[in-house]
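Asks: coords please:
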Amino acid sequence: MADLEGRGYELVKHNLANDRPSRELLARLIDEHGLDSVMNARSPAFKARNLGERKLDKAEAIALMLEDPNLIRRPLVLGKRRVVFGHKPEEYDGL
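Replies: Okay, the predicted model is just below:
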């Protein structure tokens, strides 16, 4: 997040474990960017549940992410013009 603050962005930070995103937001992000962009396939929670072995539908994936926010790719950066999933400083320009 220091990358964004250093670029002069005003941030509103949320701890996804305590302040989970809404079902509607997750559905919109999946519709616009695809499940692979939203769900964190590298997280221990994803691997422990063997989620790579199954084809999840959107409703099931959202339920799992709401139950365990570690399944959401972080940081989740919602800009006025774009969304960036994961730590990708090269994509922060023009948010």
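Asks: burial of Val84, as a residue count?
Replies: 19 (other C-beta atoms under 10 Å). C-beta coordinates here come from the backbone N, C-alpha and C atoms, glycine included.
Asks: Quick one: residues contacting it.
Replies: By C-beta atoms under 8 Å, 6 or more residues apart in numbering, the contact set of Val84 is Pro75, Val77, Glu91, Tyr92, Leu95.
Asks: Test my guess that Tyr92 contacts Leu4.
Replies: Yes - between Tyr92 and Leu4 a contact is recorded at 5.8 Å, counting by C-beta atoms under 8 Å.
Asks: any common contacting residues for those two?
Replies: Common neighbours of Tyr92 and Leu4, using C-beta under 8 Å, 6+ apart, are Val77.
Asks: Need the residues that contact the helix or strand of the chain with the lowest mean pLDDT.
Replies: Here the helix or strand of the chain ranked lowest by mean pLDDT, DSSP states H and E is helix 2-6, holding a mean of 72. Under the contact criterion C-beta under 8 Å, 6+ apart, helix 2-6 has outside partners Leu11, Val77, His87, Pro89, Tyr92, Leu95.
Asks: Past it, which element shows up next along the chain?
Replies: Note on helix 2-6: by DSSP states H and E, the next helix or strand toward the C-terminus is helix 23-33.
Asks: name the helices or strands packed onto that next one?
Replies: Here helix 23-33 touches helix 35-38, helix 58-67, strand 83-85, going by 3 or more C-beta pairs under 8 Å, 6 or more residues apart in numbering; DSSP states H and E.
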